[in-house]
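K.L.:
Sequence below, structure please.
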Amino acid sequence: MDNTATTDPTGLLAGKVVLITGAGRGIGAAAARLFSREGASVVLASRTESELSAVVDGIRAAGGTADYAVTDIADAASVRAAVQRAVELHGRLDLAFNNAGMAIPHGPMTDVPEDRFDRITSVNFKGVWLAMTAEVQAIRATAGTGSIVNNSSVGGFAGNPGLGAYGATKRAVNSITETAAVEYGPEGIRVNAVAPGTTMTEMMRGWAAREPAIVESLNARTPLRRAADPDEIAEAAAWLLSDRASYITGVILPVDGGMRA
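P.N.:
As a prediction, this is how the structure comes out:
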């Protein structure tokens, strides 16, 4: 996929201001590049400034509008500051893609240390709650209406042996997505989620380095018989955020090559 194309003034997200969390790499970085190509002004948030800076520089070099805020998604003040930066830069917030997340090593639930459980919960669930809270308030106060997409996982739909804590956080994301859709739909704020299947991010490559057969095993359970590229997940998020999905809210959209079929 061409990551050098300039911003499209007629694109899916033309004229929109979008905040993207977890945007330094993987799906978040792919989304930042895609959303910019689709006409949006993007504000990137994550913990690692060097990664954010590299993505922003690439988008600007391609003619896009991009900025960043170093953010700890599990810290309320840090999240509010990132949202406020988007508003300060552009006068409003229209859209948000809450992509930030983490995994812990594959293994039985009883082997997960409490500190790791607390960390993954604070990032994958509390972080989404903090972000949505700040984003809804900013959209209300500026654009008035808008759209939010959260990044969940197919691992949140059913029992997930070896990834119990991770799956539980993603199921919680599904629940809070649906609740927010019901609560804020009357105000014109749509809230949906994408649920990726096997996707070749840095996180997935790290898992594959520890368990060399894991990608092959997951692909065998996937009707398309392959893993996704991060751009493919970003494409689904872009559509859900866009006005072309204007009557869709409260949906958890599997982007999984048919894994749940």
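K.L.:
Name the helix or strand for the nearest residue to Ala40 once chain neighbours are set aside, please.
P.N.:
For Ala40, ignoring the flanking residues on the chain, the nearest one in space by CB to CB, 6 or more residues apart in numbering is Leu13 at 3.9 Å. The C-beta positions use only the backbone N, C-alpha and C, and glycine is treated the same way. Using DSSP states H and E, Leu13 maps to neither a helix nor a strand.
K.L.:
For Leu13, the count of nearby residues, please.
P.N.:
Other residues within reach of Leu13, judged by other CB atoms under 10 Å, total 26.
K.L.:
Check Trp207 too.
P.N.:
Trp207 - counted by other CB under 10 Å - has 18 other residues nearby.
K.L.:
And for Asp67?
P.N.:
Considering only other CB under 10 Å, Asp67 is surrounded by 17 other residues.
K.L.:
Am I right that it falls within a strand?
P.N.:
Yes: Asp67 sits within a strand when classified using DSSP: H, G, I helix; E, B strand; the rest coil.
K.L.:
I figured Ala29 was touching Ser53, is that so?
P.N.:
No: with contacts counted by CB atoms under 8 Å, Ala29 stays clear of Ser53, the gap being 11.7 Å.
K.L.:
was I right about the residue nearest to Ala40 contacting Ser242?
P.N.:
Yes: Leu13 lies in contact with Ser242 (CB under 8 Å); the separation is 5.9 Å.
K.L.:
mind checking how far stretch 36-52 is from the chain centre?
P.N.:
Here the centre of stretch 36-52 is set off from its chain's centre by 12 Å, with CA atoms, centre = their mean, to the nearest Å.
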